[in-house]
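Student: build me a model from this:
(one chain, ligands or ions: 1)
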Amino acid sequence: MSSSISIAQITDTHLFEDIDQYLVGIPTDRSFKAVLAEIKQNISKVDLLLLTGDLSQDSSAASYQRLRDHLDKHEIPAYCLAGNHDDWQIMQTHLPSKYVHLKRSLNIGNWQILLLSSVVVGAVHGYLADAELAWLDQSLNAARDRHILIAFHHPAIPIGSPWMDGICLTNQDQFWEICDRYPQIKVVLNGHAHQDFDKIHQTTHNSVRCLVSPSTCVQFQPQNPNFQIDNQSAGFRHLELFSDGSMQTKIHRLKHNRFIANLHAIGY
Ligand SMILES: [Fe+2]
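Tutor: Numbering: from 1, shown residues only. Here you go, the predicted structure:
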């Protein structure tokens, strides 16, 4: 167990330029800091943080600078990718630091982590562009002896909520056609859906664990055909990757009902 790679996934932080701004009744800066503190308190060893998009709600420089400063204080390497609310140019300018990175590929132990961009500028849904898929194919071809975790923002398979499934990855067939050729892919890790989701996706030659995780602020109700705010706490996902390619994962949520959406704030 001690040789495992320990990863905390943080997703959909939705920070604002204004530190005190709320999203659906939740102060996103404070809920993010509470989740970071929870990681530090409850996970004895964290090798790296993976931030899977929608880091900022308003793409402001100040929101990325504050995110960087919070992460730097924890002194754990953090790898970030963009979501539909993010601006990649502004992220590149204001996010990188000694601890915060925008690398697309990371080797650790027997594993390789590939970070893709599923962002379509100006749109809410996701799409992996031809260049992104070609890079994925090439990276997988060069890493046949490694176990692979692929991360990007938009869920890679339907998660059972038609409203959300309509704004997930829209070229899933193209993505899975490539994945089917590389049995070393073990995990696909996404954000965007603000909920816990865990399912094995079977392709012709491969089975891949598909994971989606709670936001550090607002939660969406699982399995609901329509958009509905959920009354669960903010949280994060802990993953342990083992050298034989197996893995374990668990969702952690803040206790004592801290940072639950205020449904009155949006008229529910
Ligand atoms: Fe989000």
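Student: surely Lys73 is within a helix?
Tutor: Yes: Lys73 forms part of a helix when assessed by DSSP: H, G, I helix; E, B strand; the rest coil.
Student: what is the burial count for it?
Tutor: Under the neighbour criterion other CB atoms under 10 Å, Lys73 is assigned a count of 12. No exception for glycine: its C-beta is placed from N, CA and C like everyone else's.
Student: what's near enough to touch it?
Tutor: With contact taken as CB atoms under 8 Å, 6 or more residues apart in numbering, Lys73 is in contact with no other residue.
Student: for the helix or strand where Val187 lies, give the mean pLDDT please.
Tutor: Counting by DSSP states H and E, the element that carries Val187 is strand 185-190. The average pLDDT within strand 185-190 is 98.
Student: what is the burial count for the residue nearest to Thr11 when sequence neighbours are not counted?
Tutor: For Thr11, ignoring the flanking residues on the chain, the nearest one in space by CB to CB, 6 or more residues apart in numbering is Gly191 at 3.4 Å. Around Gly191 there are 29 other residues, counting by other CB under 10 Å.
Student: output the below-cut-off pLDDT ranges for the chain.
Tutor: Within the chain, the ranges that satisfy pLDDT under 70 run 1-2, 257, 262-268.
Student: how about the residues of it by the ion?
Tutor: Counting by CB under 5 Å from the ion, the residues of the chain lying close to the ion are Asp12, Asp54.
Student: contacts only, for the residue in the stretch 51-200 of the chain that the ion sits nearest to.
Tutor: Nearest to the ion in the stretch 51-200 of the chain, going by CB to the ion, is Asp54, at a distance of 3.4 Å. Asp54 makes contact with Thr11, Asp12, Thr13, His14, Gly83, Asn84, His85, Asp86, His153, Gly191, His192, Ser215 under the criterion CB under 8 Å, 6+ apart.
Student: excluding chain neighbours, what is closest to it?
Tutor: According to CB to CB, 6+ apart, the nearest residue to Asp54 is Gly83 (3.5 Å).
Student: for Glu177, give its distance to Ala151.
Tutor: Shown here: Glu177 relative to Ala151, a distance of 19 Å by CB to CB, to the nearest Å.
Student: between those two, point out the one with more neighbours.
Tutor: A side-by-side neighbour count of Glu177 and Ala151, using other CB under 10 Å, places Ala151 first with 25 against 14.
Student: who's that one bridged to?
Tutor: When bridges are taken as DSSP bridges, the partners of Ala151 come out as Leu115, Leu189.
Student: my guess is it meets Leu51, correct?
Tutor: No: in terms of CB atoms under 8 Å, Ala151 does not count as a neighbour of Leu51; the distance is 9.3 Å.
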